[in-house]
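Asks: How does the following fold in three dimensions:
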Amino acid sequence: MSVARNTEISVKSTTSFQDAIEQGIGRATKTLRNVTGAWIKEQEVTVEDGRIASYQVTMIITFVLED
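Replies: Residues are numbered from 1 along each chain as shown. Sure, this is the predicted structure:
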């Protein structure tokens, strides 16, 4: 039997939502073992002078606990 756990993280990028997601997954896998998936809960942009200044995602990371 496997037991999984979820943790929520928020990541910001000045490039794109895709970059924010990749940074988040990369960071999560540095400290969490057995990451099996991620759910993008929210996406948000910051606007400055009429242009997008940054992209932010809030994601739920799922990982399987070790026995």
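Asks: So what's the residue count around Glu8?
Replies: 11 (other C-beta atoms under 10 Å). For the C-beta atoms, the positions are set from N, CA and C on the backbone; glycine is no exception.
Asks: Residues in a beta bridge with it, which ones?
Replies: Beta-bridge partners recorded for Glu8 (DSSP bridges): Ile60.
Asks: That one contacts Lys41, doesn't it?
Replies: Yes - with contact taken as C-beta atoms under 8 Å, Glu8 and Lys41 are classed as touching, separated by 7.2 Å.
Asks: how about the strands in this protein?
Replies: Assigned by DSSP state E, the chain shows strands spanning 4-13, 35-48, 51-64.
Asks: Measure how buried Ile61 is and give me the count.
Replies: 20.
Asks: wait, what's in contact with the closest residue to it other than its chain neighbours?
Replies: In space, and not counting its chain neighbours, Ile61 is closest to Ala28: 4.7 Å by C-beta to C-beta, 6 or more residues apart in numbering. Ala28 makes contact with 7, 9, 35, 38, 61, 63, according to C-beta atoms under 8 Å, 6 or more residues apart in numbering.
Asks: For the second one, list the residues it contacts.
Replies: Right, the one you point to is Ile9. Taking C-beta under 8 Å, 6+ apart as the test, what Ile9 contacts is 24, 27-28, 58-59, 61.
Asks: Got the confidence number for it?
Replies: In this prediction, Ile9 carries a pLDDT score of 97.
Asks: cool, the fourth one as well?
Replies: The score at Ala38 is 97. That number is its pLDDT.
Asks: same check, this time on the last one
Replies: Taken from the predicted model, the pLDDT recorded for Phe63 is 97.
Asks: Burial check on it, number of neighbours?
Replies: With other C-beta under 10 Å as criterion, Phe63 counts 19.
Asks: Quickly note the distance from it to Gln18.
Replies: 22 Å (C-beta to C-beta, to the nearest Å).
Asks: returning to that earlier point: out of the strands of the chain, which is the most enclosed?
Replies: Burial of the strands of the chain is given as mean neighbour count (mean count of other C-beta atoms under 10 Å); strand 51-64 ranks first at a mean of 16.
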